[in-house]
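# any chance you can model this:
(2 chains)
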Amino acid sequence: MLAQQPTFWHPLGLSFAVAAAATGLSLLVGVPIAALLSRKRFWGRDLVDAVVCLPLVLPPTVLGYYLLILLARSSPLGHLFEAIFGMPLTFTPAGAVVAAMVHALPFIIKAGRAALEGVDPLLLRAAASLGAGELRSLWTVTLPQCRRALLAATLLAFARALGDFGVTLMVAGDIPGYTQTAALAIYDAVEGGHDRVALGYVAVLSVLSLAVMYIGNKLTPAAHER
Amino acid sequence: MSTEKTADIALTAKLALTRPGGFELDVALALPRGVTVLLGPSGAGKSTTLDLIAGYIRPDRGRIELDGQVLLSCGVAGEAEIQVPVQRRRIGYVMQSPALFPHLRVAANLAYGLAGWRRDERHERLAEIEQALELKPLLQRWPQSLSGGERQRVALGRALAPRPRALLLDEPLSAVDLRRRDALLERLRDLLGALAIPVLYVTHSVEEQRFFSQGVAGCPVLRMQSRPGGDAIEIAPVAER
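Okay, the predicted model is just below:
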């Protein structure tokens, strides 16, 4: 039985964990960036916005190439990461998380910015006249107001993170039992002629993604409801 | 205004603002404690005046002083530039649209401005507000379920709760249906008349203005007019009784 082989479940578990971590980190990084883009005017704001969207259009190999240079063990960032966590960033599961973030982050920032800008400015005025500074009004008015839209964006980002192939391959490699996510395992299975294994991964990923998209779409239209 | 009245002035504002398109606002206000009605047609710059005092807009030149504290000084010769941000001005603002927080129940809306308060003081203050505005039955309701008049009552209570040093009201009854307006106006008049802070009540309705003038002894009325033949708008501080 396919499902009883421990090697079958590892890539799926890894995919899930990587996508969850990437989505969580993207929220932590992306919501403040979205808030900054929506609230503040600063020099280069449109450039930041464009850079944020690049992963949506660039080939995964280009993104992977950039990340390899940026995060390699010899690079300052890679060095810093290794000094703190005791393992390199590239060709480890941490690298797979970064690769997945490349896809999740634009979703969070794009959708987050739209959601934040959709909040009724009168509510923010009211909060300010009641003594709330920017951070408090962001936390107590803006975010609660767009939590549905943010949740929908989070689910879409998760689905997108779950499906990465190219960037993961370049940054984290395809090491079975270590960095091989489900998307990579499908490729290997097809290459090796294990059609049933490939079909198993395809089925699980499809159902999971469908469920996430379905829930995400259901949440989207009612952004202004309580 | 007589000299003994000027000793009573709590809020002064001199503001000049030019907007692209030729809109010019030139305002000089001196508000005593108690209600002052600011009357003027729509588009005369009444809301802009309130936004300037509250601090949402920065004038080209101007000075605002409240209870001896300079809240704004810009372009005034011989004075350092000062701009106290909205959230530290402690000026209550009731807008045309009540703008209640839709994700908070009435009780939490009322308490929003009391975030830094001690628990017992907060409870005491909220009890006072609930009593004065008869809000007890509404506390557990969501803003969406309230009528227009109820919403404005909550908005007023929310603005008054943190003991503002001045209160601005921008056509607070415009979203209330006509049948309920009279009862609400009477209540508003009694409540605002009892406040010991400067209250600026903005309206385009001469009826509302008369109602205040008749009910509150010595309630000053300011008229906002378009300068004849020009786009410039200024407040003519005509004290009417």
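# now do the residue in chain A that chain B sits nearest to against B:L167, distance only.
Residue of chain A nearest chain B, by C-beta to the nearest C-beta: A:L130 (3.6 Å). All C-beta spots, glycine's among them, are computed from the backbone N, C-alpha and C. Going from A:L130 to B:L167 by C-beta to C-beta, to the nearest Å gives 13 Å.
# more neighbours: which of the two?
A:L130 (26 against 20; other C-beta atoms under 10 Å in any protein chain shown).
# how far away is the more buried one from B:I57?
Using C-beta to C-beta, A:L130 is found at 18 Å from B:I57.
# same question, A:A128
According to C-beta to C-beta, A:A128 stands 12 Å off from B:I57.
# between these two, tell me which one has more neighbours.
Taking other C-beta under 10 Å, A:A128 and B:I57 do not tie; A:A128 has more neighbours (23 against 16).
# quick one: the more buried one and B:V84 touch, right?
No - judged on C-beta atoms under 8 Å, A:A128 makes no contact with B:V84 at a distance of 12.0 Å.
# what does chain B put close to chain A?
Contacts of chain B with chain A, taken as C-beta under 8 Å from any C-beta of the partner chain, map to B:54, B:56, B:85-93, B:95, B:97, B:99-103, B:112-113, B:115-116, B:142, B:144, B:155, B:158-159, B:162.
# and the residues you listed, which of them are in strands?
B:I91, B:G92, B:Y93 (DSSP state E).
# for B:P20, state which of those residues is nearest.
B:Y93 (25.4 Å; C-beta to C-beta).
# show me what contacts that closest one?
A:R125, A:A126, A:S129, B:L50, B:A54, B:A159, B:L167, B:L168, B:D170 (C-beta atoms under 8 Å, 6 or more residues apart in numbering or on different chains).
# tell me the mean pLDDT over the top helix by length along chain A?
If you go by DSSP state H, chain A has its longest helix at helix A:6-39. Average pLDDT, helix A:6-39: 93.
# packing partners for that helix?
On a contact count with 3 or more C-beta pairs under 8 Å, 6 or more residues apart in numbering or on different chains; DSSP states H and E, helix A:6-39 meets helix A:45-57, helix A:93-117, helix A:147-162, helix A:182-191, helix A:195-219.
# now the last one, how far from the chain's geometric center?
How far helix A:195-219 lies from its chain's middle: 17 Å, per C-alpha atoms, centre = their mean, to the nearest Å.
# touching that helix from outside, list them.
For helix A:195-219, contacts defined as C-beta under 8 Å, 6+ apart pick out A:2-3, A:8, A:11-12, A:15, A:148-149, A:151-153, A:155-156, A:158-159, A:162-163, A:182-183, A:185-186, A:189-190.
# buried sites along it?
A:V197, A:A198, A:G200, A:Y201, A:V204, A:L205, A:L208, A:V212, A:G216, A:L219 (16 or more other C-beta atoms under 10 Å in any protein chain shown).
# same deal with the third one?
For helix A:147-162, burial by neighbour count (16+ other C-beta under 10 Å) applies to A:147-162.
# how far away from the center of its chain is it?
Relative to its chain's centre, helix A:147-162 lies at 8 Å (C-alpha atoms, centre = their mean).
# shouldn't B:R105 be in contact with B:W142?
Yes - counting by C-beta under 8 Å, B:R105 does reach B:W142; the two are 6.0 Å apart.
# tell me the phi and psi of A:R125?
phi -60, psi -40 (degrees, to the nearest 10).
# that one is in contact with B:M95, isn't it?
Yes - A:R125 lies in contact with B:M95 (C-beta under 8 Å); the separation is 7.2 Å.
# any idea which residue sits dead centre in chain B?
Centroid-nearest residue in chain B, with C-alpha atoms, centre = their mean: B:L168, separated by 0.5 Å.
# A strand includes it, no?
Yes - assessed by DSSP: H, G, I helix; E, B strand; the rest coil, B:L168 belongs to a strand.
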